[in-house]
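> Give me coordinates for this.
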Amino acid sequence: GLLLSGASSAFATPGYEDLPLGTTYHVGDVTASEGVPIEFAPFQWWSGTWTSGGEAEIGNAGWACTPNQELGLNNITAAFNYGAAGMAPDYVRFNFGEHGGNINVAVNGDFHNVADFIMLDGLNIGGAIFNVTAGGFGHDCGVVEIHGIVQKLELGGQELWIDNYTTFEEPCEYGYEDLTLGDVYVSGDSFMTSGILCEVLPFQDGFG
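Numbers count the residues shown, from 1 in each chain. Below you'll find the model as predicted:
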C-alpha cells in the first residue's frame, strides 16, 4: 500500500505572522497579510447603531486559542478582500476566540449581526455555506469553515480574536481533476495537484 501526504493553507484567512506585533488599525486603514488585502471598517452594535471608533491590534496573548500572532477586533470589522487580490477561494477557514458582545459577519456582502457564531451554523451566506465546526456558543474558542466562492469575508466583534492555525487533524481537500486519469504513482514519486506538492510514501501494514 501507499500513503499520500500533502497540505495547503491557501484557502484560509491569514496567520498575521508577517505583521509587526502590537500594530494597531482603525476604520479606514488597510493592510495585507499573506497576500490577502485587509480593510478595516465600521462595526454595528447589537442595537443596530454603527460605530467607527473601534480598534484592531496584532497580539499574541492566545485569545483565539492558537499559538503565535492573532488579530484582535474591538468594535471594528476586518474585511478580507480576496477578490481584490485576484483570488476566489471556494473554501475558507478561520479560528476564533469570541469573548463578549455581538459579532458581525458578511460573506460577499450578505451581512448578519448576531450574538454568537453558532447562530449562523449551516446557513447559506452570500452563496457559501457557513459551518461552525467547533465552539461558537459565546465566550469560547472555535473554528469556522466556509464552503463556496468567497470574494470578500467581513468579520467584526467587540471582543473577538481571529487567526488561522491548521493542525495535522484538519482535512486535506483535493479534487485531482488536473491529473491524468489512469496515472500510477509508486513510492518515491511526487506530483502537483491544485498547486499542492504531494509525495508518495511507504505504508506499513498491520503485520509491521
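
> For residue 190, which residues are in contact?
By C-beta atoms under 8 Å, 6 or more residues apart in numbering, the contact list for residue 190 reads 197-200. Heads up, the C-betas are built off the backbone N, CA and C, glycines and all.

> Out of those, which end up buried?
Neighbour-count burial (16 or more other C-beta atoms under 10 Å) is assigned, among those, to 198, 200.

> In TSV, list the contacts of residue 190 along with pLDDT.
As requested, the contacts of residue 190 are exported to TSV (pLDDT from 0 to 100):
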residue	pLDDT
197	78
198	82
199	86
200	90
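
> from the contacts of residue 190, which is closest to residue 13?
Of all the contacts of residue 190, residue 197 has the smallest distance to residue 13: 22.4 Å, by C-beta to C-beta.

> related to what we said a few turns ago, identify those among the contacts of residue 190 that sit within strands.
Among the contacts of residue 190, DSSP state E puts 197-200 in strands.

> Other residues contacting stretch 108-123?
Stretch 108-123 has contacts (C-beta under 8 Å, 6+ apart) with 44, 46, 48, 96, 98, 102-106, 125-132, 135-138, 142, 144, 149-152, 154.

> So for that stretch, what gets flagged as buried?
108, 112-113, 116-118, 120, 123.

> Show me what the mean pLDDT comes to for it.
Mean pLDDT, stretch 108-123: 97.

> Residue ranges in the chain under the pLDDT threshold?
For the chain, residues meeting the criterion pLDDT under 70 lie at 1-12, 166-175, 194-195.

> Closest to residue 73 out of the ones in strands among the contacts of residue 190?
For these, the nearest to residue 73 is residue 197 (34.2 Å; C-beta to C-beta).

> got a list of what residue 20 touches?
Residues in contact with residue 20, defined by C-beta under 8 Å, 6+ apart, are residue 58.

> can you confirm it is in a helix?
No - under the criterion used here (DSSP: H, G, I helix; E, B strand; the rest coil), residue 20 is coil, not part of a helix.

> Distance to residue 85 for the ones in strands among the contacts of residue 190 - can I get that in CSV?
Output for the ones in strands among the contacts of residue 190, formatted as CSV (distance: C-beta to C-beta, whole Å):
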residue, distance to residue 85
197, 22
198, 25
199, 29
200, 33
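
> out of those, which one sits closest to residue 36?
residue 197 (21.5 Å).

> and that closest one, what are its bridge partners?
Residue 197 has these beta-bridge partners by DSSP bridges: residue 192.

> mind checking how far it is from residue 136?
33 Å (C-beta to C-beta, to the nearest Å).

> between the ones in strands among the contacts of residue 190, which is closest to residue 78?
Nearest member of the ones in strands among the contacts of residue 190 to residue 78, counting by C-beta to C-beta, is residue 197, at 30.4 Å.

> Chain neighbours aside, what residue packs nearest to residue 202?
Using C-beta to C-beta, 6 or more residues apart in numbering and skipping residues adjacent in sequence, the residue nearest residue 202 is residue 187, 5.2 Å away.

> quick one: residue 94 and residue 13 touch, right?
Yes - at 4.2 Å, residue 94 and residue 13 qualify as touching, with contact defined as C-beta atoms under 8 Å.
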